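K.L.:
what follows is a predicted protein model with its sequence.
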Amino acid sequence: MDGIAPLIASTLSAGTILALAALGLLINERAGILNLGAEGMMLMAALAGYATCVHTGSDTLAFIAGAAAGAASAACFGALVIWFNTNQYATGLALSLFGAGFSAFAGIKYTQEKLPERPRFSIPVLSDIPFVGEAFFKQHPVVYLAILFTLALSWFLGRSRGGLVLRAIGESPESAHALGYPVRRLRFTAVCIGGALVGMSGAYLSTVYTPLWVEGMVAGKGWIALALTTFATWRPARVLLGAYLFGGVTMLQFHLQGQGVNIASQWLSMLPYLATIVVLVLISRDINVIRINMPASLGKPFHPTS
Amino acid sequence: MFRLEVRPQPSATMAWLSPILALAVTLVVGASLFAMLGKAPLSALAVFFIEPIKNGYAWSELAVKATPLLLIALGLSVCFRSNVWNIGAEGQFILGAIGGGWVAMQATEESSKFILIPILLAGIVAGAAWAGIVAFLRDRFNANEILVSLMLVYVADLLLQYLVYGPWKDPAGYNFPQTITFAATTKLPKLFRGFRTDIGLLIALSTAAALWVFLFRTYAGFQLQVGGLAPAAARYAGFSSRRALWTALAISGGLAGLAGALEAAGPLGQLTPYVPAGYGFAAIIVAFVGRLHPIGAVFASILMSMFYIGGELAQSRLGLPKSLTGVFQGLLLFTLLACDTLINYRLVWHTSVKPNAQPEATLAKPSVKSPGSA
Amino acid sequence: MTNRSVPLGFAVLFGLGLAACGGDKPAPQPAATPAPVTAAPAPEAAKGPLKIAFVYVGPVGDAGWTFAHDRGRKEMAAELGSKVATTFVENVPEAADAERVFRDLIGQGNTLLFGTTFGYMEPMLKVAPDSPDVKFEHATGYKMAANLRTYDSRTYEGAYLAGVVAGKMTKTNTLGVIGSIPIPEVIRNIDSFTLGAQRSNPAVKTKVVWVNKWFDPPKETEGAQSLLNQGADVLFQNTDSPAVLQTAEKAGKFAFGWDSDMTKFGPNAHLASAVINWSPYYKKAVKDVLDGAWKKDASWWGVKEGTIDLVSISDKVPAETKAEIEKLKAGLKDGSFHPWTGPISDQAGKELLPAGQTADDGFLHKIDFYVKGVEGKVPGK
């Protein structure tokens, strides 16, 4: 049984990266916008957060910088897609590719930098409880923030007027437009807020999870986050659980290696990706599940005609 | 304040002006980047764009780099036109290299020269099969092809690693992860003595011509395009979207696999963990910059190769970082997408900021209202 | 998007571009000898500095493998001053592109090329025959040519010394190694680390995880965390980033630096760094060319020649262990100590090196087994 508590702790940490990014993408997708640029956004935000932390030493500022970088790049994407009506897939891909190249370029001088001393976090009394304390209560505040965001987003989407409007825009922008809602401006806002969350995920990766900067460090997590939103049928709570599941699978492959399991390490490394495919298939196979849950206008351009 | 207004009909001028404009913007941004880095902008641009086409050797290297990009981009053009979003061309490329490589490993010194044909066929089949998984999962389970094809890229890479570290490792290779070097008979014939350009170039160019015919002169190609542009109309006309899905993925997977087999049997001559070179993703940019048109893809792949080689040269000649290539490529696609808007919209300067100005104008002069304006 | 004027647009574009070339219309030269050689200016110019080029697989800022090579380059250039002119190209993948980079560097007038990673072996072998007057030096490879020789560092000596420290400092008797790519050198280092640890502490065992990359900080972090979760309290790595050390620092455990001195990345966790110093070899190689004394041979240098060392040993390490390390280093320098001295058995208990016998270079090159005390299976066997 030993090693389970640290494994849980590592899973929570790894899962938070995916959770934050996937929640941001969920906001986008609920508004009807499919943002394939998550990978590039996370990279640029990771660099922004890291650079900020190197120069200011402040965790908080790093996260703000990351969120700002995410929101800014999402805004470029949003402007092109919402007002210029460019193809959403192509524009998102362009953002991913550009983000990868730009972050590699701008991050060159940060590759050998080291962050100032990182504080250790633990909740005062709770973290002393054996097993549970180590598993759950020694995390960075952002891990708990991700959980809070999930709850807040669930409430917002399901119980607030604003959430209703957002969902309406995602289901049928034409109807929302007819009702007088400024569809494009609201979509843009959703894209920017979603981008900010994706940016926080990137900043977490580079300042907390692996306090280093190296080009391409997101290594596909942005794409897995995209898969997560579909996997979770666009519900925040499921997104969080899915994120932890994937974080766990990633840690599991090393755990199995260390235990001397007799499978080549490459097969073990495939686990997260194969798991994503399997889950996608399971979720999508009933076309009605998709029809009911997927925002109907996802990926389609909106032309206001009044 | 600028406003975008829908044009009565798409502008033909902008259609060919747009990529030029996009390239110009990219160059301007590039020049300013160079200036910021303390290098003379014009000579840096020259390294990127003139050096790679300066002489015969340079053109041959350009061809070596452009061939896989072109092949993959051709397949992706077909796919994207059919509204099938195959992001996993990199994985299909790897599988093509694996398939072609496996056949190449069976060859010996005595094998006939024509062993090349099974090698390339194996690459096509392997790539098409990998894409077939995507098609199957979308067809049967409605799984989103973007995500499935992308996940399969990672799986393909790890599969290659497993093979070259394990069962396919060269026993005389000191336990290093690589296969045996393929027998000389498997080498692609070179086109010009002394240069690395091989028949892959001819294959790629003829594929471009063939696809042009397919897309614009055959009924099947027409069906694919209609399915992508107007799915409802396609359904009404009885075009099978399922057939379109499988055709598009088989073609793009097969072409990506062919590119992989050509790389393995050509410049590489063996399989190593470093077969995946990012061509599958760069080809997406090539496809778009080429306007999803086979002829456009030819030019776009040359342009893209110039970025790659120029970036390498900029590094060794000017000390500029290699990541500039990625910046240029991403920037080009972005600016292209933005400039493309000008095909369907035009930029108009509006001086009046009064609210309700529009309805009043409409009321006053109803006959001036142009079609499609909001 | 189906527009006939698309090809026209591109044709215009390229027409402009070609015009800008100044009429230097490219055409293959059918009867000429291969272009790269004709493009290369007369090598071995007696006047002017020796032009040397280094090709790196990673970024110079990686604080690891490439950083060490670049440090060697800089120190060599500083010592030889105006006799040499060095350049480098970084981030060159170990694939078909490398060949083009080498040819271009030759075309630029470089007559001594260093390829600093195993994967450049085949590209260099393809280029070498075309440029007989250029000398090629390949790191960590095993194939040579008339003008291509190999050089390597006995990193296993550094790994052994680190193991001696690790065996002393572990409290759980479990050591963890984050392995990069399962090539013989890395397996040898894992074994040497374990042998060194067993010298101080026969009860230790070593767990290994593979990230299958030379340099991947997030994966290295996850691997390190996983080893810590499984009870390891001293970590060792063959990967190139400080991520492992940082993870150990965060968890309050111990780790080593690799390739370069990584103390600053984990001041409390850092026990020592196994540092590779390429400058002694680079100075020798360049002097060989300058003096016309270049010979095709394989160099494998270790502590004796100053190519590998264990430095910045922490004050947490007891004095008698530090003294022992010094003694072992002296033994390596005068040849009286060999880390691979029998009896050495593999995991199954089969004795591979009888008592008292030392392994020769041939044995060392072929190591593809784990010694007793290492858990798990060698990948790919």
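P.N.:
Structure received. What you see is a predicted model; the values in this text were computed from it and never measured.

K.L.:
how about the residues of the stretch 101-250 of chain B near chain A?
P.N.:
Applying C-beta under 8 Å from any C-beta of the partner chain, we find that the stretch 101-250 of chain B lies next to chain A at B:137, B:140-144, B:146-148, B:150-152, B:154-155, B:158-159, B:161-162, B:165-166. All C-beta atoms are positioned from the backbone trio N, CA, C, and that covers glycine.

K.L.:
so which of the residues you listed reach chain C?
P.N.:
Checking these against chain C (C-beta under 8 Å from any C-beta), the matches are B:161, B:165-166.

K.L.:
return the subset of those residues lying in helices.
P.N.:
Mapping these onto helices (DSSP state H) picks out B:161, B:165.

K.L.:
helix/strand/coil for C:K295?
P.N.:
Three-state call for C:K295 (DSSP: H, G, I helix; E, B strand; the rest coil): coil.

K.L.:
can you pull the contacts of the residue nearest the centre of chain C?
P.N.:
Residue closest to the average C-alpha location in chain C (C-alpha atoms, centre = their mean): C:W65, at 5.1 Å. Counting by C-beta atoms under 8 Å, 6 or more residues apart in numbering or on different chains, C:W65 touches C:57-58, C:116-117, C:214-215, C:240, C:259, C:276.

K.L.:
what separation do you get for it and chain B?
P.N.:
Distance, C:W65 to chain B, using C-beta to the nearest C-beta, to the nearest Å: 16 Å.

K.L.:
point out where the chain drops to low pLDDT.
P.N.:
Just going to use chain A. Applying pLDDT under 70 to chain A flags the ranges A:1-3, A:118, A:305-306.

K.L.:
oops, chain B please
P.N.:
Across chain B, the ranges flagged by pLDDT under 70 are B:1-2, B:352-374.

K.L.:
tell me the residue of it that sits nearest chain C?
P.N.:
Proximity of chain B to chain C (C-beta to the nearest C-beta) peaks at B:W16, 2.9 Å away.

K.L.:
give me the neighbour count for that residue.
P.N.:
B:W16 has 23 neighbours, counted by other C-beta atoms under 10 Å in any protein chain shown.

K.L.:
that one belongs to a helix?
P.N.:
Yes: B:W16: assigned to a helix according to three-state DSSP.

K.L.:
got a list of what the residue nearest in space to the middle of chain B touches?
P.N.:
The centroid of chain B falls nearest to B:A283 when counting by C-alpha atoms, centre = their mean (1.8 Å). Listed by C-beta under 8 Å, 6+ apart, the contact set of B:A283 reads B:68-69, B:72-73, B:76, B:89, B:256, B:301.

K.L.:
of those residues, which belong to helices?
P.N.:
Of the contacts of B:A283, the ones assigned to helices by DSSP H are B:68-69, B:72-73, B:76, B:89, B:256, B:301.

K.L.:
and those as JSON lines, adding distance to B:L313 and neighbour count?
P.N.:
JSON lines is the format used below for those (distance: C-beta to C-beta, whole Å; neighbours: other C-beta atoms under 10 Å in any protein chain shown):
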{"residue": "B:P68", "distance to B:L313": "20", "neighbour count": "30"}
{"residue": "B:L69", "distance to B:L313": "18", "neighbour count": "27"}
{"residue": "B:I72", "distance to B:L313": "24", "neighbour count": "35"}
{"residue": "B:A73", "distance to B:L313": "23", "neighbour count": "38"}
{"residue": "B:L76", "distance to B:L313": "27", "neighbour count": "30"}
{"residue": "B:A89", "distance to B:L313": "26", "neighbour count": "33"}
{"residue": "B:A256", "distance to B:L313": "27", "neighbour count": "37"}
{"residue": "B:S301", "distance to B:L313": "18", "neighbour count": "32"}
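
K.L.:
quick one: which of those residues is nearest to chain A?
P.N.:
Each of the ones in helices among the contacts of B:A283 was scored against chain A by C-beta to the nearest C-beta, and B:L76 proved nearest at 11.0 Å.

K.L.:
grab the nearest non-local neighbour of the closest one.
P.N.:
Using C-beta to C-beta, 6 or more residues apart in numbering or on different chains and skipping the chain neighbours, the partner closest in space to B:L76 is B:A287 (4.2 Å).

K.L.:
what parts of the stretch 151-300 of chain A come near chain C?
P.N.:
Contacts of the stretch 151-300 of chain A with chain C, taken as C-beta under 8 Å from any C-beta, map to A:205, A:209-212, A:214-215, A:217, A:219, A:250-251, A:254-255, A:257-260, A:262, A:264-266, A:269.
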